[in-house]
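Q: Got a predicted structure here, sequence first:
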2 protein chains.
Amino acid sequence: MNFSSKHIESAVNAFATLPGIGKKTALRLVLHLTQQPEEVAEQFAEAIVSMRKNIRQCERCYNLSDDRLCNICADKRREEGTICVVESIRDVMAIEDTGQYRGVYHVLGGVISPIEGVGPEDLTIDPLLERIEKDEVKELIMAISPTIEGDTTTFYISKKLEGKDIQVSTIARGVSFGGELEYADELTLGRSIVARQPYHK
Amino acid sequence: MNFSSKHIESAVNAFATLPGIGKKTALRLVLHLTQQPEEVAEQFAEAIVSMRKNIRQCERCYNLSDDRLCNICADKRREEGTICVVESIRDVMAIEDTGQYRGVYHVLGGVISPIEGVGPEDLTIDPLLERIEKDEVKELIMAISPTIEGDTTTFYISKKLEGKDIQVSTIARGVSFGGELEYADELTLGRSIVARQPYHK
């Protein structure tokens, strides 16, 4: 592309480093900013720098946080005895958005994957085990992808907890509510029959 | 969405003001930046602020420019006698990318649109007429959208130039090269028959 301006070119290149943003989209965003007052561009830049500078990981659950503890861990009304184990902070947000969960979280930072060279020591599994030891945790809800790597991770953690007085559960999986059977993928439908639930009148 | 961090929230809101970027995409971009070193976020912000601060309009053609004149107007090898009139700088980039044009440009900044309250005085038509008066312009190529507003703009400018020794032309429109007739839209196909060209062996 011919930008006819070094400044435009470097701003486009900066945007194009972001995931899912190609050069054409980047150009659209940059041209939009050229039409805004200078303060708007400055505030935009300031929000990004300040975010990156001040954001840190919650010392307890590894969620993103403004302080030492994230606002979920800091909330006294949350049930500390129940920990929902997730792969990423995006999963925390998704579960929080449902408004159905009152326990706390633990963000693993990924799943065990020998192919990608991710071992248990690369994840926050040890801090999780320490946390379970220290706090009085009664239940661990594993909300991990149902992939081979995810299942391995769940298995590894449950194995480490053998002999301990703690309930390990996984989130319910099956055909989605409102989902039509014919459109459900084969794996989900198959497993939802195998894992059928007793019907309560 | 529940961000559990004010910094994340304000960065997401900043990204979400950009055209075509919703909250979910904005979150994806922000989370990507949280995983980059602090310098990366700073360089990103710096590229935007510096672009917005230093970018200006070319005093002659109203293209975006780093200097008083854009690098097309400043290029002595371009034919100054031919001006291609376009609506936006994006059109300049598109034409430059073809590598087929050696003249200069004039960016109108839009088209005359009574419905949207855009009159000739809101566009750079007067500077264009002054430019034609001052420089020795031989040809004006109108590369404007074939809409009612675009046609009105072309008509308005050509009317202003009546009696002057200047050739006004429009870019060729028709079925695209390599385009199959059956897939061409009706308007394009219809007009391409009306505006048929003599065949040269």
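A: Nice, I can see it.
Q: Quick one: the helices in chain A, in order.
A: A:6-16, A:23-34, A:38-54, A:89-98, A:125-134, A:148-160, A:186-194 (DSSP state H).
Q: closest one to A:A172 among the ones you listed?
A: With Cβ to Cβ as the measure, helix A:186-194 is the member of these nearest A:A172 (9.6 Å). In short, each C-beta sits where N, CA and C put it, glycine included.
Q: Mind listing what's buried along that closest one?
A: A:S192 (16 or more other Cβ atoms under 10 Å in any protein chain shown).
Q: Other residues contacting it?
A: Helix A:186-194 is contacted from outside by A:R173, A:G174, A:V175, A:L181, A:A184, using Cβ atoms under 8 Å, 6 or more residues apart in numbering or on different chains.
Q: now swap in stretch A:95-102 and tell me
A: Taking Cβ under 8 Å, 6+ apart as the rule, stretch A:95-102 contacts A:I72, A:R77, A:R78, A:E79, A:T82, A:C84, A:V86, A:Y105, A:A143, B:M1, B:N2, B:S4.
Q: let's see it at 6 Å
A: With contacts defined as Cβ atoms under 6 Å, 6 or more residues apart in numbering or on different chains, stretch A:95-102 is touched by A:E79, B:N2.
Q: Just the endpoints, please. Distance across that stretch?
A: Terminal residues of stretch A:95-102 lie 10 Å apart, using Cα to Cα, to the nearest Å.
Q: tell me the mean pLDDT for it?
A: For stretch A:95-102, mean pLDDT is 89.
Q: List the buried residues in it.
A: A:I95, A:E96, A:Y101.
Q: between those residues, which is closest to chain B?
A: Nearest to chain B, judged by Cβ to the nearest Cβ, of those is A:E96 at 4.0 Å.
Q: okay, A:G174: pLDDT?
A: The predicted local confidence for A:G174 is 83.
Q: ok, and does the longest strand seen in chain A reach over to chain B?
A: Criterion DSSP state E: the longest strand present in chain A is strand A:79-86. No: using Cβ under 6 Å from any Cβ of the partner chain, strand A:79-86 stays clear of chain B, coming no nearer than 12.8 Å.
Q: what comes up buried for that strand?
A: A:E80, A:T82, A:I83, A:C84, A:V85, A:V86.
Q: Does the last one touch A:M142 like I think?
A: To tie it back to what came earlier, the one meant is A:V86. No: the pair A:V86 / A:M142 is not scored as a contact, 8.8 Å apart, by Cβ atoms under 6 Å.
Q: A:S169 pairs with what?
A: A:I141 (DSSP bridges).
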